[in-house]
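Student: Here is my input; please provide its structure:
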Amino acid sequence: MTIAKEAVYALHQRLKDLSIDAPADQLAYLAKALESIAGQSTVYDIVNMSDEKLQELLEAVNSHLADLNASKVNSLAAIDTAKTGSLDAINTLKASSLSSLQTATTGHLSLLDTRKDTNITAIESTGQTQLQTLTGLVSNFESINDVPNGSSIMNEVAKRNMIEPGSLPFLFGILSRQNDYWGYGDLTSQLGVWYNNVANADNMLQLLAGTHAYSTSYAGFYRPPQLYFLQGRNGMFIHKEMYVKYSVSSNEYTYPYAALGVVFVKNTTNADITRTFYCGGSSYWSSGYEGLGVFVCTPNNVNANKSAISSVTWTNI
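Tutor: From the prediction side, this is the model:
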């Protein structure tokens, strides 16, 4: 019950109490107060109107609450529908994007494969063209460099250090022995007589080639071994030298320098070959260990089986 309704009931009860013996002025005062509260209506109209208004208000509140509930349900349903629609749209877009990406990738791979084949074909074609050009250049070069027999052009362009065909390698050195009386590696009679004894000929070749077993003993060279070439078929080698020594020991002239040389002759044909060899020299004879000798050294196997060569045979010529 509202405050207005309570006031109306209080006025109604007071009117009942005063209606029997209340004076006129009191009744007029109460009527004025009632009019200020409820206007020109009667007490019963005010009571009845208050109940109706309360009922209307209650119904309006209930209706509003019902509308709110309905709006809530509708909003939730709309949100759920929108969510479902969005997810479906996202899934559709994802599938479409993946399909487009796969299609584009396949297209690019196909294009790359096609370009690869095209480039390989172009490279092979260019290579064939360049090879044909080089082949032509080689053929032209051979044609213009085909020197006829008897031409002097090679004599004009040949270098001085050119090794001519048929040249023979020649290893030459001068052993000190006792001609240089000081130092290490002196040699007198320790390795025997060489110039006429095939049993000691190995010593000369081993000292020249550095394959001896004497360490630095007996290997004191005045002029260390060096490789030369006897140029062409008529090649020659001439060595001249004069020695002036102050004698401090008889060994200086008893065991003078020893000139050692070896010419390598290799037969690269399937038939015997002939080489003519001329050798001349002079030496001072004193102790019996000096003299001029020429030997032929023959290995015990042929060129085709070089690894089987284990010894050589010396012949004094």
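
Student: Would you agree T268 is in contact with V302?
Tutor: No - under the criterion of Cβ atoms under 8 Å, T268 lies out of contact with V302, with a separation of 11.3 Å. Where C-beta positions appear, they are placed from N, C-alpha and C, glycine not excepted.

Student: Between the two, tell me which one has more neighbours.
Tutor: More crowded of T268 and V302, by other Cβ atoms under 10 Å: V302, with 10 against 6.

Student: Can you classify F229 by secondary structure?
Tutor: Using DSSP: H, G, I helix; E, B strand; the rest coil, the secondary structure recorded for F229 is strand.

Student: returning to that earlier point: common neighbours of T268 and V302, please.
Tutor: With contacts taken as Cβ atoms under 8 Å, 6 or more residues apart in numbering, T268 and V302 have no neighbour in common.

Student: In the stretch 151-300 of the chain, where is pLDDT below threshold?
Tutor: In the predicted model, the stretch 151-300 of the chain carries pLDDT under 70 at residues 151-163, 165, 180-183, 232-233, 244-253, 282-287.

Student: Run through the helices of the stretch 101-250 of the chain in chain order.
Tutor: With helices called from DSSP state H, counting those that start in this stretch, the stretch 101-250 of the chain shows them at 153-157, 201-209.

Student: Now do the strand or helix carrying D80: which elements does it pack against?
Tutor: Secondary structure from DSSP states H and E places D80 in helix 43-144. Judged by 3 or more Cβ pairs under 8 Å, 6 or more residues apart in numbering; DSSP states H and E, the packing partners of helix 43-144 are helix 3-18, helix 24-38.

Student: can you rerun that using 6 Å?
Tutor: When contacts are defined as 3 or more Cβ pairs under 6 Å, 6 or more residues apart in numbering; DSSP states H and E, helix 43-144 sits against helix 3-18.

Student: Do me a favour and average the pLDDT over the helix it packs on.
Tutor: Averaging pLDDT along helix 3-18 gives 62.

Student: Nearest spatial neighbour of L168, chain-adjacent residues omitted?
Tutor: L230 (4.4 Å; Cβ to Cβ, 6 or more residues apart in numbering).
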